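A predicted structure for the sequence below; I have some questions about it.
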Amino acid sequence: MDRFRVAEYKLIRVDRREFLFLAAEKAIFETDPSTRRILERLSKKSEFSLEDLTHALPGASEKAKKEAAKDLLKCHVVFPVQSPNRTKAVKVQNGPVPLKTLVLHVTEACNLHCAYCYEKKDGTDRRPAMGVRVAKKAVDFLLDRSGNFEEVVLVFFGGEPLLNMRTIRSVTEYAERMGKERGKRVNFALTTNGTLLTDRNIDFFEEHNVGVTVSLDGFEEVQDRYRRFPDGSPTYRVVLPRVRRLLEKARKRPVVARVTLVEKPGDLSATLDHLLGLGFVEAGFSPVTTGHPDFQLNNGQMDLLLDEFRRLAERFLEAVRERRFFGFSNLIDLLVSLHQGEVMAYPCGAGLGLFSVDARGRLYLCQRFTGQRAFCMGDVFHGFDEEKLAKFREEARIENKEECRSCWARTLCTGGCYHEACVREGSHLRPNTHYCEWIRKWTELGLETYCRIAAGWPEYLDLLSLSRGFGPEQIPSGPKERGAR
């Protein structure tokens, strides 16, 4: 006789309604209090029979109870004892890797000297920039290895990538031409500090549909505290008119801002209003990645950050009620991840469908590891080091991170950023335990926000997912349709 158990879940209560977030399934279902109480009782048992479940469930008739039990099984709220681990069931192809994204490290140089930069580069860097020959070979490599993907992504990164506009221009036009010949669409993106946004560069980005992210830390006094030129002069008043021109001319792709948070987070609502007021469609906030205690946020400051995120989440809900868009990227990304519902064995695409390329054509796990020999996975001329890559993919899986196995947020966090783990934990294979509790609190806030939106305007979640490139056929039904009864 088959035996069953209750899935691991997190209970979310909003507006007198109850939802279950299934940790292993990365799924959300609405339930009623009586069914939830029964699930609580059954979850204390190591296993039980289907008859035990059916008998315990509320219902006016035996038929209704059986239907309720079927719903719970169908939604995986209850599952057979012998079911496989969901993250272990996520297969990653060995051998040739289907590529989706290549990040071209077009230059190591930067014309700023930001105090908190993990690269610590400035304009005096003498290492060669990426030439056109290597960049074109990288494009060929991306297209050759992209498998059945109809769209691929080419990202320009640095240093400050606009210091090498010659290569960016040449490779963009080449990628468009080669992509058209192969029947594939190449999308372009870059991250810039904004100081070199000339009219010519801006017009090129608009003509070729390049998505631009600007690293800008907010108000003048915040920006100029750490983001300065090598001679110590401030940057805000240099960047601002250039960013305004970029925002005025952008028609095809939204322009977003990335804010690096150093020490106390400050009033993030005011910062976000400032950036959205300039014309950015979205802005996201990221604590600085550093091992230096002068810059990193301590536990108290991370608590303040969560308070700021909570206030922004309330404003996001106000915008939803008023049928408006509110460009708080951190929350949007979390909501879309929940709505998409894909169970992942890894925290990101690094070493899977995403790699970075340095000036010599060498391939690395991601842009943050560029130049570090331990994370080199081959090159665009000879291909991947398949043995080294397979070893990474096996070692990095979430089920190998002992601290994560019992965490209800594991399928959303999946251990966190590899580079952050290197800096703060000493190994890319370690989970980011220094902010585990913070991540759980932030995820719970995201779940509460998701459930409130799903209860009031579920279509909004579809619209958010579309904004991130997930079409309706890729999005599981909302909790109202999938809800356990």
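Yes, it's here. Since this is a predicted model, take the numbers as computed values, not measurements.

how about Thr411, nearest residue that isn't a chain neighbour?
The shortest distance from Thr411 to any non-neighbouring residue, by C-beta to C-beta, 6 or more residues apart in numbering, is to Lys26 (4.3 Å). In this view, the C-beta of every residue, glycine as well, is placed from N, C-alpha and C.

neighbours around that neighbour, how many?
Residues near Lys26, counting by other C-beta atoms under 10 Å, number 21.

correct me if wrong: it contacts Leu334.
No. Counting by C-beta atoms under 8 Å, Lys26 stays clear of Leu334, with 11.9 Å between them.

break the chain down into its structural domains.
With domains defined by automatic domain parsing, the chain comprises 1-83, 101-356.

distance to Glu394 and mean pLDDT added to those domains, as a markdown table?
Output for these, formatted as a markdown table (distance: least, C-beta to C-beta, whole Å; pLDDT from 0 to 100):
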| stretch | distance to Glu394 | mean pLDDT |
| --- | --- | --- |
| domain 1-83 | 20 | 92 |
| domain 101-356 | 10 | 93 |
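
point out the most buried one among these.
Among the domains of the chain, judged by mean count of other C-beta atoms under 10 Å, the one packed with the most neighbours on average is domain 101-356 (a mean of 18).

quote the end-to-end distance of that one.
With C-alpha to C-alpha, to the nearest Å applied, domain 101-356 spans 8 Å between its terminal residues.

going forward, begin numbering at 27 instead of 1
That works, and once the first residue is 27, the last one we named lands at domain 127-382.

which residues are common contacts for Lys52 and Leu360?
Residues touching both Lys52 and Leu360 (C-beta atoms under 8 Å, 6 or more residues apart in numbering): Leu438.

ok, which stretches of the stretch 77-226 of the chain are strands?
104-106, 127-131, 177-183, 211-218 (DSSP state E, counting those that start in this stretch).

in CSV: the ones you listed, plus distance to Gly310.
Shown next, in CSV, are the strands of the stretch 77-226 of the chain (distance: least, C-beta to C-beta, whole Å):
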stretch, distance to Gly310
strand 104-106, 36
strand 127-131, 18
strand 177-183, 16
strand 211-218, 12
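
for Gly244, find the nearest of these.
Comparing those against Gly244 with C-beta to C-beta, the closest turns out to be strand 211-218 (16.7 Å).

quick check: neighbours of that closest one in the sheet, parallel or antiparallel?
With DSSP bridges as the test, strand 211-218 is paired with strand 177-183 (parallel), strand 236-241 (parallel).

residues in contact with that strand: which ones?
Around strand 211-218, the neighbours that count as contacts under C-beta under 8 Å, 6+ apart are 165, 176-184, 186-188, 194, 198, 201-202, 204-205, 231, 234-241, 284.

how far does it sit from its chain's centre?
Mean C-alpha position of strand 211-218 versus that of the full chain (C-alpha atoms, centre = their mean, to the nearest Å) differs by 16 Å.

before we move on, the earlier item: need the domains of the chain in a markdown table with distance to Lys417, can you?
Putting the domains of the chain into a markdown table (distance: least, C-beta to C-beta, whole Å) gives the following:
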| stretch | distance to Lys417 |
| --- | --- |
| domain 27-109 | 26 |
| domain 127-382 | 10 |
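
Ser312 pairs with what?
Beta-bridge pairing of Ser312 under DSSP bridges involves Thr286.

am I right that it is in contact with Val288?
No. Counting by C-beta under 8 Å, Val288 is not a contact partner of Ser312; they are 10.5 Å apart.

tell me where the stretch 277-426 of the chain has strands.
Secondary structure of the stretch 277-426 of the chain (DSSP E, counting those that start in this stretch): strands located at 282-287, 308-313, 380-383, 388-390, 402-405, 409-410.

for those strands, which one sits closest to Ile38?
Among the strands of the stretch 277-426 of the chain, strand 308-313 comes nearest to Ile38, with 23.7 Å by C-beta to C-beta.

got a list of contacts for that closest one?
By C-beta under 8 Å, 6+ apart, strand 308-313 touches 280, 282-287, 291, 294, 297-298, 301-302, 322-323, 328, 331, 335, 353-356, 358-359.

try it again with 6 Å
Residues from elsewhere that reach strand 308-313, judged by C-beta atoms under 6 Å, 6 or more residues apart in numbering: 282-287, 298, 301, 323, 353, 355-356.

what's the closest of those to Ser491?
Minimum distance to Ser491 across those is 14.3 Å, recorded for Ser355 (C-beta to C-beta).

please name the nearest non-neighbouring residue to the closest one.
In space, and not counting its chain neighbours, Ser355 is closest to Gly310: 3.3 Å by C-beta to C-beta, 6+ apart.

any idea how far the one you found lies from Leu294?
11 Å (C-beta to C-beta, to the nearest Å).

equivalent analysis for Pro256, please.
29 Å.

now do Gly326
As judged by C-beta to C-beta, Gly326 and Leu294 stand 16 Å apart.

what lies in contact with the biggest helix by length in the chain?
Across the chain, the longest stretch assigned as helix under DSSP state H is helix 325-347. Outside helix 325-347, the residues that touch it by C-beta under 6 Å, 6+ apart are 290-291, 294-295, 352, 354, 357, 464, 467, 471, 475, 479, 486.

select from those every entry located in helices.
Those of those mapping onto helices are 294-295, 357, 464, 467, 471, 475, 479, 486, per DSSP H.
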